[in-house]
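[1] Below: sequence and its predicted model.
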Amino acid sequence: MIIDKNFSPIMEQVFAGRGFSIDEAEALTFSMLDGTLSDVRIAAVLTGFRFLPVSEEIIIKILKTIKTQSSFKTNKSFENLVDCSGTGGDRITTLNIMTTSAIIAAAAGAKVAKFTGAGNIQKANSLEVLQLLNIFPALNLDKAFEQLEEENITILSSKIVFPSLKHLMDIRKTLGFKTIIDLIIPLANPLNLTGQYIGVFQKDYLPLFANCLKQLKRKKAMVVHGEDGLDEISVCSATYISKLENEKITHEVIKPTDFGLPFYQIKDLLGKDLEYNSKVLIDTLQNKSKQAIIDAVSLNAAATLWCAEKCNTLQEGFVLAKETISNGRAFKILESWKQKTH
């Protein structure tokens, strides 16, 4: 399909209320990545996707198109390799809970390849916080595999893994609202994952992501959305969960009281600037943070541990995560990981 010739008719479909076909979505994605489309047209396409219903078939097709551009391609596998990430909360600037949870889960025995893109809402995204702590994303597969084998954890940057995606993501950030890129990035980990934990910013996306993860052949996966708008398991409200296990998807609702916790307030989890968020991350791994923060990261680490088959229930994972913080293993693995990223 020649996008330059057909661009206007395709985009007119948006205003007529008709979505892109799978072939059109694939062609538009290629054209955004290879420089065929101008910045203005890329912004138009991203805006168009925002006003259209998105199916799992469209998501998977765009994902496969993007993955053809990856600089990280491998057939190597790790047993029970997982990722934990979010699409970004509902304009709530919380601390780096998923990142802290990933470190705790790794210290508790899970192998975690955390894939991330620079957020457009968070004041201090996970890459920036880790870099302030002298932890840097893997520059190649060899480095990522070395860290996974020795420290159980690595961080992968979308801008390194998909260099052709960088310009597209920069345009997405200037728009100031979430786009289809925010839906794709959590699914775009280039490694061969067996499990995955994803937080989404809208409850409606729970079945969409669960079905995408099923198509991606994840053995165990969990998709969550907090009733308070958080894209993670919340300690401040009920959390809606879609679970994938044995190729079956189930749905449930959990509350902090299911884990013997009170309902905390969102203000207990709010982040600030890089220095503040980095300090809280360190304090949390040393068991020195507010109880609300420790409980929040432990619950989300439990979800990652469940996806990695390191526990049978979230309650078991929660206990294991808290033990990993209190016995010092979580902070120890951070210090060790820091030495392996240079």
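    Yep, that arrived. None of the values given here were measured: they were computed from a predicted structure. Residues are numbered from 1 along each chain as shown.
[2] who does the residue most central in space within the chain bridge with?
    Within the chain, one residue has its C-alpha closest to the average C-alpha position: by C-alpha atoms, centre = their mean, that is residue 85, at 2.1 Å. Beta-bridge pairing of residue 85 under DSSP bridges involves residue 198.
[3] got the contact list for it?
    98, 114, 115, 116, 185, 186, 197, 198, 199 (C-beta atoms under 8 Å, 6 or more residues apart in numbering). C-beta: built from backbone N, CA, C; applies to glycine.
[4] count of neighbours near residue 216?
    15 (other C-beta atoms under 10 Å).
[5] ok, now residue 248?
    8.
[6] Return the helix or strand in the protein with minimum mean pLDDT.
    Of all helical and strand segments in the chain, the minimum by mean pLDDT, DSSP states H and E falls on helix 3-16, at a mean of 73.
[7] now for it, which elements pack on it?
    In terms of contacts (3 or more C-beta pairs under 8 Å, 6 or more residues apart in numbering; DSSP states H and E), helix 3-16 is packed against helix 22-33, helix 39-50.
[8] Just the mean pLDDT for the last one, thanks.
    Across helix 39-50, pLDDT averages out at 89.
[9] Next SSE downstream of that helix?
    helix 56-67 (DSSP states H and E).
[10] Just the buried residues of that next one, please?
    56, 58, 59, 60, 61, 62, 63, 65, 66, 67 (16 or more other C-beta atoms under 10 Å).
[11] Repeat that for stretch 197-206.
    Neighbour-count burial for stretch 197-206 flags 197, 198, 199, 200, 201, 205, 206 (criterion: 16+ other C-beta under 10 Å).
[12] before we move on, what about stretch 86-106?
    86-89, 92-106.
[13] Which members of these are positioned in helices?
    97, 98, 99, 100, 101, 102, 103, 104, 105, 106 (DSSP state H).
[14] Show the contacting residues for the fourth one.
    Same thing as residue 100. Counted by C-beta under 8 Å, 6+ apart, residue 100 has contacts 281, 284, 285, 297.
[15] what's the answer for the last one, then?
    Contact analysis of residue 106 by C-beta under 8 Å, 6+ apart lists 112, 151, 152, 153, 333, 337.
[16] In ChimeraX, how would I select the buried members of these?
    Remark: buried members of those, expressed as a ChimeraX selection using 16+ other C-beta under 10 Å:
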select :112,151,152,153,333,337
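[17] Please tabulate the contacts of residue 85 in a markdown table, including the columns pLDDT.
    Below are these laid out as a markdown table (pLDDT from 0 to 100):
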| residue | pLDDT |
| --- | --- |
| 98 | 95 |
| 114 | 96 |
| 115 | 95 |
| 116 | 90 |
| 185 | 91 |
| 186 | 93 |
| 197 | 98 |
| 198 | 97 |
| 199 | 96 |
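[18] Pick out whichever of those residues sits closest to residue 31.
    Nearest to residue 31 among those, counting by C-beta to C-beta, is residue 185 at 19.3 Å.
[19] From residue 198, how far off is the closest one?
    Distance from residue 185 to residue 198, counting by C-beta to C-beta, to the nearest Å: 10 Å.
[20] If you rank the contacts of residue 100 by neighbours, which is first?
    Counting by other C-beta under 10 Å, top hit in those: residue 297 with 33 neighbours.
[21] If I look at it, what pLDDT would I see?
    At residue 297, the pLDDT value in this model is 98.
[22] Over to residue 342?
    For residue 342, pLDDT reads 61.
[23] Same question for residue 119.
    51.
[24] what's the answer for the one 4 residues further on, then?
    In the predicted model, residue 123 carries a pLDDT score of 58.
[25] Just say helix, strand or coil for residue 241.
    Here residue 241 is recorded as strand under DSSP: H, G, I helix; E, B strand; the rest coil.
[26] Give the rounded mean pLDDT of stretch 72-87.
    90.
[27] in that stretch, what's buried?
    In stretch 72-87, counting by 16+ other C-beta under 10 Å, buried: 72, 78, 80, 81, 82, 83, 84, 85, 86, 87.
[28] what touches both of residue 185 and residue 198?
    Residues touching both residue 185 and residue 198 by C-beta under 8 Å, 6+ apart: 85, 87.
[29] quick one: the residue nearest to the centre of the chain from residue 77, how far?
    Using C-beta to C-beta, residue 85 is found at 20 Å from residue 77.
[30] And for residue 162?
    21 Å.
[31] tell me the two of the buried residues of stretch 72-87 that are most distant?
    It's 78 and 87 that sit farthest apart of the buried residues of stretch 72-87, by C-beta to C-beta, at 24.7 Å.
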